[in-house]
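> Got a sequence here, can you build the structure:
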Amino acid sequence: MATRTPQPQRATVLVVDDEPLNRALCKRILATEYDVVEAADGASALEAVRLATPDLVLLDVMMPGMNGFETCLRIKREAPESLPVVFLTSLNEQGERNAGLRAGADDFLSKPFDRQELLLRVATFVRLRRQDATIRRQMARLRELESLKDDLASLLVHDLRNPLAGMIAFLEVLREEMSDSARQDELDDLDQALLAAGRMRGALNEMLHLRQLEGQGVKLRRERLSLSDAVAEALATAQGDARARNVEVRRASADDAVIDADRDLVIRSVENLVHNAVRYSPRGCAVEVTIRAGGGGAHVEVADRGPGVPNEMKDRVFEKFATVEARGSKGRSGFGLGLYLVHMAATAHGGRASVRDREGGGSVFSMFFPGPK
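Numbers count the residues shown, from 1 in each chain. Okay, here's the model as predicted:
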């Protein structure tokens, strides 16, 4: 048996005019294709918008009481988003049209209007209205799917952390027991396994931390903080990774600055910048970390000799998953979570994160923190 294709629901057009003959004319032209609702004044139009939820409003300007301009303003303020309003008017002065545009009008149709032009204008705005509704439904569905994806990621992180912690503990015990009897190459293999497992644990913790920050917002535990001390602590955690990659990590200056900041979040952010720089630095090169006061606060700058960041990615590299888009190119690639956390941390403190080219090759990633108030 053949199935019938469901027909789309007829659109509703609200015609607002104090002249009954004008409303009757519009209804006679439109009624074959649309459901037509009539209103004789501005107050009735607002009530009809609330009750009939039209797809388009055809609105007269010269009405007693609330005129068309005032009615349009109220409709745009109170009606569902994207409800189009077309003025049916005999006013042709540019100043009056400008007033209509300021009120939120989407178009004008001059009286006396052409029947065919009215049908075409109505069809266009109804189509746009329905396309907008479709896009909004799709966006709502995408937000729902993104939320489900994030929940799944959190579950996976929780399920993977425990066995990974057990594996790391086993490797550490094995490394300790073999330290006196094993060959150096065997110890090196164990060190590499521990390093890889540690990176995996760091990535899982980072995903969980980001999920918490996104879900609950960044809640800062501010304290008076020496930026030099925070950077020193961050650099200490990066030394193992740097040695394994034959990259030197060093302070380029002994400057310091005092900020009011969340200590853990600052340290984690600097760690991410340093690990990012180490990862992309050629073997034998150095990563330089500089603290520079000025501009009402302080900058932490991490400079590397890596492949650099393409100009078209500089404004987007701190977005979530942004560096994934660079895969297949000669530039940086990755999962884009570490730099996203850097951006969130800097923004939460009222600062910013940025990247620029380094003279002689490479990149300089920077975080700015405002000074104490």
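> Name the helix or strand of the chain that has the lowest mean pLDDT.
helix 184-216 (a mean of 72; mean pLDDT, DSSP states H and E).
> So the residue nearest the centre of the chain versus E172, what's the distance?
Centroid-nearest residue in the chain, with Cα atoms, centre = their mean: E319, separated by 7.3 Å. Distance, E319 to E172, using Cβ to Cβ, to the nearest Å: 36 Å. Where C-beta positions appear, they are placed from N, C-alpha and C, glycine not excepted.
> next one: L195
Separation of L195 from E172 (Cβ to Cβ): 12 Å.
> Next: A303.
Counting by Cβ to Cβ, the gap from A303 to E172 is 33 Å.
> between these two, who's got more neighbours?
Set A303 next to E172 and count neighbours by other Cβ atoms under 10 Å: A303 wins out with 22 against 13.
> Test my guess that R221 contacts D262.
Yes: between R221 and D262 there is a contact at 5.1 Å, judged by Cβ atoms under 8 Å.
> who's more crowded, those two?
More neighbours surround D262 than the other of R221 and D262, with 19 against 9 (other Cβ under 10 Å).
> For L73, see how far away that one is.
For D262, the distance to L73 - Cβ to Cβ - is 45 Å.
> just Q9 next, same as before
29 Å.
> and what of G362?
55 Å.
> which one of the two has more residues nearby?
Remark: of G362 and L73, G362 carries more neighbours, 21 against 17, as counted by other Cβ under 10 Å.
> ok now do the more buried one, which residues does it touch?
S281, A303, D304, R305, G306, G308 (Cβ atoms under 8 Å, 6 or more residues apart in numbering).
> Same list, those residues, but as CSV with pLDDT, secondary structure and distance to R268 please.
Below are the contacts of G362 laid out as CSV (pLDDT from 0 to 100; DSSP: H, G, I helix; E, B strand; the rest coil; distance: Cβ to Cβ, whole Å):
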residue, pLDDT, secondary structure, distance to R268
S281, 91, coil, 20
A303, 95, strand, 20
D304, 95, coil, 19
R305, 94, coil, 24
G306, 91, coil, 21
G308, 88, coil, 25
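> between the residues you listed, which has the most around it?
Counting by other Cβ under 10 Å, top hit in the contacts of G362: D304 with 27 neighbours.
> Can you tell me the closest non-neighbouring residue to that residue?
A277 (3.8 Å; Cβ to Cβ, 6 or more residues apart in numbering).
> Which pLDDT value belongs to that neighbour?
A277 carries a pLDDT score of 92 in this model.
> ok, it to A303 distance?
From A277 to A303 the distance is 7 Å (Cβ to Cβ).
> what do those two both touch?
Counting by Cβ under 8 Å, 6+ apart, the residues touching both A277 and A303 are V287, S363, F365.
> Look up the pLDDT of the residue of the chain positioned farthest from its centre for me, please.
Distance from the centre of the chain peaks at S181, with 53.5 Å (Cα atoms, centre = their mean). Here the pLDDT value assigned to S181 is 77.
> Pull the contacting residues for it.
Per Cβ under 8 Å, 6+ apart, neighbours of S181: none.
> which SS state does it fall under?
Assigned with DSSP: H, G, I helix; E, B strand; the rest coil, S181 falls in the coil class.
> I'd like to know how far it sits from V173.
14 Å.
> Check K219 too.
37 Å.
> Show me the strands in the stretch 251-373 of the chain, by range?
Per DSSP state E, counting those that start in this stretch, the stretch 251-373 of the chain carries strands over the ranges 258-262, 286-294, 297-303, 352-357, 363-370.
> Go ahead and confirm L14 touches T53.
No: using Cβ under 8 Å, L14 makes no contact with T53, being 9.4 Å away.
> what about these two, which has more around it?
A direct count of neighbours by other Cβ under 10 Å for L14 and T53 places L14 higher, at 24 against 13.
> could you point out which element follows the helix or strand that one falls within?
Counting by DSSP states H and E, the element that carries L14 is strand 12-16. Going down the chain from strand 12-16, the next helix or strand is helix 20-30, by DSSP H and E.
> on contacts alone, who are the packing partners of that following helix?
Other elements packing on helix 20-30 under the criterion 3 or more Cβ pairs under 8 Å, 6 or more residues apart in numbering; DSSP states H and E are strand 12-16, strand 35-39, helix 115-178.
> now the last one against strand 12-16, angle please.
Pointing back at helix 115-178 there. 130 degrees (axes from the mean of the first three to the mean of the last three Cα atoms, to 10 degrees).
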